[in-house]
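# okay, structure incoming, though there's no sequence with it:
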């Protein structure tokens with residue numbers, strides 16, 4: 001591919017990214033410079049079946065505020081198709097999280113509510129994304145949009161491979177080869193686990209696990225969040241990162257927990273200590289103790305110690321009990 005190359009009704013402008021999957025280019029309609037789109041070209045090594053499955057999953061996703069919109073598929077002479085989607089111009093969630101002006105906690109949770117709304121919509125339509133991570137969530141202003149359906153599958157149509165697919169850092173315990181739950185890697189709880197990792201990252205400023213922490217993930221020993229973390233948010237993280245997929249929150253349940261916290265925060269008076277937790281900038285990873293914490297008898301997550309003066313949500317009955 002090259003600049004100004006014609007592809008269907010589009011002219012290529014610049015390469016946006018490349019990888020094992022192929023290349024993504026910014027393009028515009030031949031007769032309208034402002035009518036822009038993102039064109040995804042599969043590499044010659046990509047099986048046609050993979051491209052077809054991605055297209056089917058993306059088309060089935062339909063239109064939703066928090067999902068990058070699929071526009072069309074352009075056939076090519078090499079029997080492969082070019083996938084055309086809306087162009088989302090404000091970078092990825094990863095860029096947003098690492099920006100020089102770090103957003104306050106309330107804005108981070110509002111964003112996560114929207115991400116979960118998109119995940120729930122996919123699940124309602126029978127689609128499991130299987131590769132959720134900040135790089136695959138694009139930003140249109142302050143609106144997050146889920147992108148890259150290369151690993152996605154339609155749950156009631158396509159057979160699933162037992163081979164784990166996705167990004168190691170965001171994979172759940174059941175994706176590990178030694179886990180007896182590997183067969184469940186195809187199900188929606190996979191996306192909820194990834195959402196829990198993203199939520200932990202948004203709250204703390206760092207990942208709970210690295211790609212080397214396989215044993216921690218197998219046992220689900222979650223490093224504690226900062227003591228200033230509101231109790232409702234800490235509970236939501238632990239629910240999303242529950243070891244057994246059967247007990248893990250659904251996307252809509254996790255979204256509801258976060259929205260309830262936002263609703264209660266909105267009713268808190270703007271003066272006094274109660275506003276402190278929502279005004280803190282995103283913590284720097286080096287300032288947070290990330291060492292795992294466990295006792296001698298259990299591998300269950302140990303909730304952080306919460307300062308009751310900072311926990312403005314403790315007065316409300318939660319929908320799920322402490323473990």
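Looks like it came in fine. Fair warning: this is a prediction, and the values are worked out from it, not measured in the lab. Residues are numbered from 1 along each chain as shown.
# what helices or strands is the helix or strand containing residue 121 leaning on?
For residue 121, the host element (DSSP states H and E) is helix 105-124. For helix 105-124, the packing partners by 3 or more CB pairs under 8 Å, 6 or more residues apart in numbering; DSSP states H and E come out as helix 93-97, strand 143-146, helix 189-204, helix 251-266, helix 276-279. No exception for glycine: its C-beta is placed from N, CA and C like everyone else's.
# out of these, nearest to residue 83?
Nearest to residue 83, of all those, is strand 143-146, at 15.0 Å by CB to CB.
# next, the buried residues of the closest one.
Buried residues in strand 143-146, counted by 16 or more other CB atoms under 10 Å: 144-146.
# what about the stretch 101-250 of the chain, any weak spots by pLDDT?
Low-confidence segments of the stretch 101-250 of the chain (pLDDT under 70): 152-166, 176-186, 211-220.
# related to what we said a few turns ago, of the buried residues of strand 143-146, closest to residue 226?
Looking across the buried residues of strand 143-146 and measuring by CB to CB, the closest to residue 226 is residue 144, at 23.5 Å.
# hang on, that closest one packs against residue 66?
Yes - contact criterion CB atoms under 8 Å: residue 144 and residue 66 qualify, at 6.0 Å.
# what residues are shared contacts of these two?
Here residue 144 and residue 66 share the contacting residues 114-115, 118, scored by CB atoms under 8 Å, 6 or more residues apart in numbering.
# which of those lies closest to residue 224?
Out of the shared contacts of residue 144 and residue 66, the member with the shortest distance to residue 224 (by CB to CB) is residue 115, at 23.5 Å.
# now that closest one: how far from residue 18?
Going from residue 115 to residue 18 by CB to CB, to the nearest Å gives 25 Å.
# next, count neighbours for residue 253.
By the measure other CB atoms under 10 Å, the count of residues near residue 253 is 17.
# residue contacts, residue 72?
8, 84.
# quick check: next helix or strand after the helix or strand where it lies?
In the assignment (DSSP H and E), residue 72 maps to strand 70-75. Heading C-terminal from strand 70-75, the first helix or strand you meet, by DSSP H and E, is strand 81-86.
# any residues touching that following strand, and which ones?
Against strand 81-86 from outside (CB under 8 Å, 6+ apart): 7-8, 10, 37-42, 51, 54-55, 58, 68-76, 147.
# partner strands of that strand and their direction?
Here strand 81-86 is paired, per DSSP bridges, with strand 32-42 (antiparallel), strand 70-75 (antiparallel).
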